[in-house]
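Trainee: Okay, sequence plus prediction incoming.
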Amino acid sequence: MTTLKRFLSRNKPLVGLIVLMAAVAVMSPSFMTVDNLLNILRQTSINAVIAVGMTYVILSGGIDLSVGSVLAFCGAVCAWLVAGDLSIWLAIPLSLLLGAGLGAINGVVIGTGGVQPFVATLVAMTMLRGATLVFTDGRPITTGTGAAADAFWSVGGGYLLGIPVPVVVAAAVFAVCGLVLTRTRFGRYTYAVGGNEVVARLSGIRVNLEKTTIYALSGLLAALAGVILTARLESAQPTAGAGYELDAIAAVVVGGTSLSGGKGTLFGTLVGALIIGVLNNALNLMDVSSYYQMIAKGAVILLAVLADSRKSP
Amino acid sequence: MRKLLTAATVAATALLASANAQAADTIALVVSTLNNPFFVTLKNGAETKAKALGYNLLVLDSQNDPAKELANVEDVVNKKVKLLLVNPTDSDAVRSAVRSANRAKIPVVTLDRSANGGEVASHIASDNVAGGRMAGQLVVDMLKGQGAVVELQGLPGASAARDRGKGFHEAVDKASGLKVVASQPADFDRTKALNVMENILQAQQKIDVVFAHNDEMALGAAKAIQASGRKIPVVGFDGTDEGVAAVNAGTLTATVAQQAGLIGEKGVETADKVLKGEKVPAFTPVELKMVTK
C-alpha cells in the first residue's frame, strides 16, 4: 500500500471533505473562489474554536453542553466592558478568564462532585442562559461607538495579511492545542482519563485536576468564540450560541473522535468543522429550499459517521 | 422596566379600585409580559380605548409564565369579569386557561398570539400577509420593477415566516422584471443572518434589495453587506426600537412596523361589540405601518 493510500484510509473524513468540495464546485461556480473559501473559513472559525475544547472534553470521556451559554454570557460581558470603553487588551482577557472560570466550575462539579458530565453541563447551560438574559435584560448589548469599540470590531471583522482575524485566531488555537494534546503530559493524560479512568487514577494521574483543567479549557475557548462573534456583530445577542454545542459535537464526531472517549484527533475535528461549514455555505450558494436544508445536513453527517465507523480490519 | 412594572401594577390597582367605586363593566386583560416594550404599548392602547368606551380594564401580567397566566385567568374568572382579553404566553399552553373562562361562560378574545384550543370569540393580530405585501410593494417601487432581490426567511414552519413570505411574493412575483435570486432561512436570528447573507453575497454578483422577515435578520444582513463594501438597501419587519433607530441612522431603508397599541385598541373595541351582542369576525387583522426615514 502506498503512503498516500494509507494516509487516506486513515483519514476518511478528509476524503469526505474533498469529495464534498469537488461536488459543490461542479454545481456552483461561485464556490471555488478565494473570497468564498476565506468566507467559509471565517464562518467555520467560531464553531472550530468551540470544537477544539469539545474534542478535549470528549477525548476525556465527557461532554460539554454549556458551551453555547458560556459563549453568550461571556460575549455579553465583553460587549458591556467594551461599551464602557474599557481597552480591548483588558476586556478580552477578562472575558476569557470568566469563561475559563465557568468551565472550571463545571470541571469541579464533574470531578470532585462526581456528577455526570451530561447533567452537570446541562445545568450550567440552563443557568448561564438565564444569567445572560438577566444580565442583558433580554436585549442585545451593542458595543457603542467609543475608541475601544472600533478596535474591538477588528477582532471579528479585520484582516491580518489578507486573512480574516477569526481565521488566524482559529488556526493559532488549533496549532497550540494540537501541540499540547500530542506533545505534553497534560495532553497524554487527557487520552488516558478518557481511555480508562480507573487505570489513569491508579497510575497516579490526578484525574479531578485533569478534568477541571479540561473543562476550563473548553470554557475559555467558548468565551473566545463569544468574543469573536460579538466583535463580528458589534453587539451581543442574549440568544447567541443556542444550539452551538450540537454543531461542535457534530464536528468532533464527524472528525472521527469516539464519543466514548480516549480515541480521536484534533485534525479530525478541523476536518469535521470544515465539512459542516462547507455544507452550510453550499446550501446557501445553491439556494436550496429551507425545508430540505436540514435533511441534507443530517444526511451528510450520518454518511460521514457511517463511513468512519466501518473501520478497516 | 421595573418602573414600568410598578406603573402597571399601580394602574391596575387604581382601575380595580375605581371598578369597585363605579360598578361599571369590567374587562380583564391578561398580558404575556410587561417586561417587553411591545406588550406595554399594547396594554396602553387597550387602556386608552377602555377609558373612552367606559369600561374598567383590569390588567394582569403573566410574566411569560404559562402557570402564572392560568392563575391570573382563574383569578379574573372568579372575579366575574364580563370578558377576558388574553395575550397568551404560548398558543398551546393557554388552552386550559381559555377553557376555564369558557366554563364560566366568559367570552374570550385573544390578542397577538392565538389559542390552539378552547372557544375564542375573536382573534386580533397584525396582518402579516398584508405586511409582507407592503414590503414587497416598497421593493417593487424602489427598483421600479427591475432588479435582483434577496429574501431572508424566518424560522422554517413558523406562521409569521410563512405569512410574511406569502405577502411579499404576492407583490414581488407580479413584477416580471424583478427576480428573487435567493430565498434562504436565517431563523429570525441576527447571527445566522450575518452568515447566510455573507454566503449569498458570494453567490450573487448583483443584488439590488434585501428583504428580511424581521429586524433582527435585517440588522445582521446589513452588517454583512457593510463588511463586503457593497451598498445594498435592506428592508426589515417588526419596527423594533433598534430597527427604527437603524432606519433613522440609514442602516436600514425601511421596516414594516407592527402597531401594538392598535392591537390593544381593537381588542377593547371587539370586546365592546361582543358584550353588546353584535357579531364579530373570528379574525380581525390589524394593519401595519411602513417606517421610513
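Mentor: Good, I have the coordinates. Numbering: from 1, shown residues only, chains lettered A, B, ... in the order given.
Trainee: and residue 30, how many neighbours does it have?
Mentor: No chain specified, so I'll use chain A. Using other Cβ atoms under 10 Å in any protein chain shown, A:Ser30 has 18 neighbouring residues. In short, each C-beta sits where N, CA and C put it, glycine included.
Trainee: The chain in question should be chain B.
Mentor: Using other Cβ under 10 Å, B:Val30 has 28 other residues around it.
Trainee: Can I take it that it is in a strand?
Mentor: Yes: checked against DSSP: H, G, I helix; E, B strand; the rest coil, B:Val30 lies within a strand.
Trainee: List the residues that contact it.
Mentor: Applying Cβ atoms under 8 Å, 6 or more residues apart in numbering or on different chains, one finds that B:Val30 lies in contact with B:60, B:62, B:69, B:72-73, B:76, B:84-87, B:97.
Trainee: Show me these that map onto helices.
Mentor: B:69, B:72-73, B:76, B:97 (DSSP state H).
Trainee: Of the residues you listed, which pair is most distant in space?
Mentor: B:Glu69 and B:Val76 (11.0 Å; Cβ to Cβ).
Trainee: who has more neighbours, those two?
Mentor: Neighbours were tallied for B:Glu69 and for B:Val76 using other Cβ under 10 Å; the higher tally belongs to B:Glu69 (27 against 24).
Trainee: Hmm, that one is touching B:Ser91, no?
Mentor: No: applying Cβ atoms under 8 Å as the test, B:Glu69 and B:Ser91 come out as separate, 11.8 Å apart.
Trainee: Name the nearest residue to A:Gly103, sequence neighbours excluded.
Mentor: Excluding its sequence neighbours, the residue lying closest to A:Gly103 (Cβ to Cβ, 6 or more residues apart in numbering or on different chains) is A:Gly219, at 2.1 Å.
Trainee: The one you found reaches A:Leu97, doesn't it?
Mentor: No: here A:Gly219 does not reach A:Leu97: they are 9.8 Å apart, not a contact under Cβ under 8 Å.
Trainee: Could I get the pLDDT score of residue 152?
Mentor: Since no chain was named, I'll use chain A. At A:Phe152, the model reports a pLDDT of 93.
Trainee: please go with chain B instead
Mentor: Looking at B:Leu152, the pLDDT reads 97.
Trainee: Enumerate every residue touching residue 191.
Mentor: Just so you know, I chose chain A. Counting by Cβ under 8 Å, 6+ apart, A:Tyr191 touches A:59, A:262-263.
Trainee: let's do chain B instead
Mentor: Neighbouring residues of B:Thr191 by Cβ under 8 Å, 6+ apart: A:229, A:233, A:237, A:240, B:220.
Trainee: List the buried residues of the helix or strand in which the residue nearest to A:Gly103 is found.
Mentor: Here A:Gly219 sits within helix A:207-233, counting by DSSP states H and E. Buried positions in helix A:207-233, judged by neighbour count with 16 or more other Cβ atoms under 10 Å in any protein chain shown: A:207-208, A:210-233.
Trainee: where along the stretch 151-300 of chain A do the strands fall?
Mentor: A:159-160, A:163-164, A:235-236 (DSSP state E, counting those that start in this stretch).
Trainee: Could you point out which of those sits nearest chain B?
Mentor: Closest approach to chain B among these is made by strand A:235-236 (7.8 Å; Cβ to the nearest Cβ).
Trainee: B:Gly117 - that's part of a helix, no?
Mentor: No: judged by three-state DSSP, B:Gly117 forms no part of a helix; its state is coil.
Trainee: got a list of contacts for stretch B:127-139?
Mentor: Contacts of stretch B:127-139 (Cβ under 8 Å, 6+ apart): B:149, B:159-160, B:163-172, B:178, B:209, B:211, B:235, B:237, B:254, B:256, B:258, B:285-288, B:290.
Trainee: distance between it and the chain's centre?
Mentor: Offset of stretch B:127-139 from its chain centre (Cα atoms, centre = their mean, to the nearest Å): 14 Å.
Trainee: Dump that stretch to CSV, restricted to CA.
Mentor: In CSV, the C-alpha atoms belonging to stretch B:127-139 read as follows (Å, rounded to 0.1, in the frame of the first residue of the first chain):
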residue,chain,number,x,y,z
ASP,B,127,-51.9,41.0,9.3
ASN,B,128,-48.5,39.5,8.4
VAL,B,129,-49.6,38.7,4.9
ALA,B,130,-50.6,42.4,4.3
GLY,B,131,-47.3,43.5,5.9
GLY,B,132,-45.3,41.2,3.6
ARG,B,133,-47.3,42.7,0.7
MET,B,134,-46.4,46.2,1.8
ALA,B,135,-42.7,45.3,2.0
GLY,B,136,-43.0,43.7,-1.5
GLN,B,137,-44.7,46.7,-2.9
LEU,B,138,-42.0,49.0,-1.4
VAL,B,139,-39.3,46.9,-3.1
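Trainee: List the contacts of A:Lys211.
Mentor: A:60, A:62, A:107, A:110-111, A:193.
Trainee: just the buried members of the residues you listed?
Mentor: Buried among the contacts of A:Lys211 (16+ other Cβ under 10 Å): A:60, A:62, A:107, A:110-111, A:193.
Trainee: Redo these as JSON lines? Include distance to A:Gly255.
Mentor: Listed next are the buried ones among the contacts of A:Lys211 as JSON lines, based on distance: Cβ to Cβ, whole Å:
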{"residue": "A:Ser60", "distance to A:Gly255": "16"}
{"residue": "A:Gly62", "distance to A:Gly255": "17"}
{"residue": "A:Gly107", "distance to A:Gly255": "23"}
{"residue": "A:Ile110", "distance to A:Gly255": "23"}
{"residue": "A:Gly111", "distance to A:Gly255": "26"}
{"residue": "A:Val193", "distance to A:Gly255": "20"}
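Trainee: ok, and of those, which contact chain B?
Mentor: Here nothing survives when the buried ones among the contacts of A:Lys211 are matched to chain B using Cβ under 8 Å from any Cβ of the partner chain.
Trainee: Count the residues that sit near A:Gly204.
Mentor: Burial of A:Gly204 is recorded as 6 neighbouring residues (other Cβ under 10 Å).
Trainee: A:Ser30 and A:Asp287 touch, don't they?
Mentor: No: between A:Ser30 and A:Asp287 there is no contact under Cβ under 8 Å: 11.2 Å.
Trainee: what do these two both touch?
Mentor: Going by Cβ under 8 Å, 6+ apart, residues that sit against A:Ser30 and also against A:Asp287 are B:Ala203.
Trainee: Contact partners for the residue in the stretch 51-200 of chain A that chain B sits nearest to?
Mentor: The minimum distance from the stretch 51-200 of chain A to chain B, using Cβ to the nearest Cβ, falls at A:Gly157 (5.4 Å). Applying Cβ under 8 Å, 6+ apart, we find A:Gly157 in contact with A:164-165, A:231-232, B:227.
Trainee: least trustworthy position among those residues, going by pLDDT?
Mentor: For the contacts of A:Gly157, the pLDDT minimum is A:Arg232, 88.
Trainee: Give the full set of residues in contact with the residue nearest to A:Gly103.
Mentor: Shown in contact with A:Gly219 (Cβ under 8 Å, 6+ apart): A:53, A:66-67, A:70, A:99-104, A:106.
Trainee: Out of these, which sit inside helices?
Mentor: A:53, A:67, A:70, A:99-104, A:106.
Trainee: can you redo the residues you listed as a markdown table with neighbour count and pLDDT?
Mentor: Converted to a markdown table, the ones in helices among the contacts of A:Gly219 look like this (neighbours: other Cβ atoms under 10 Å in any protein chain shown; pLDDT from 0 to 100):
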| residue | neighbour count | pLDDT |
| --- | --- | --- |
| A:Gly53 | 30 | 97 |
| A:Val67 | 34 | 97 |
| A:Val70 | 35 | 98 |
| A:Gly99 | 31 | 98 |
| A:Ala100 | 23 | 98 |
| A:Gly101 | 14 | 98 |
| A:Leu102 | 25 | 98 |
| A:Gly103 | 30 | 98 |
| A:Ala104 | 20 | 98 |
| A:Asn106 | 30 | 97 |
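Trainee: returning to what we had before: can you tell me which of the contacts of B:Val30 is closest to chain A?
Mentor: Chain A has its nearest neighbour among these in B:Ser62, at 15.5 Å by Cβ to the nearest Cβ.
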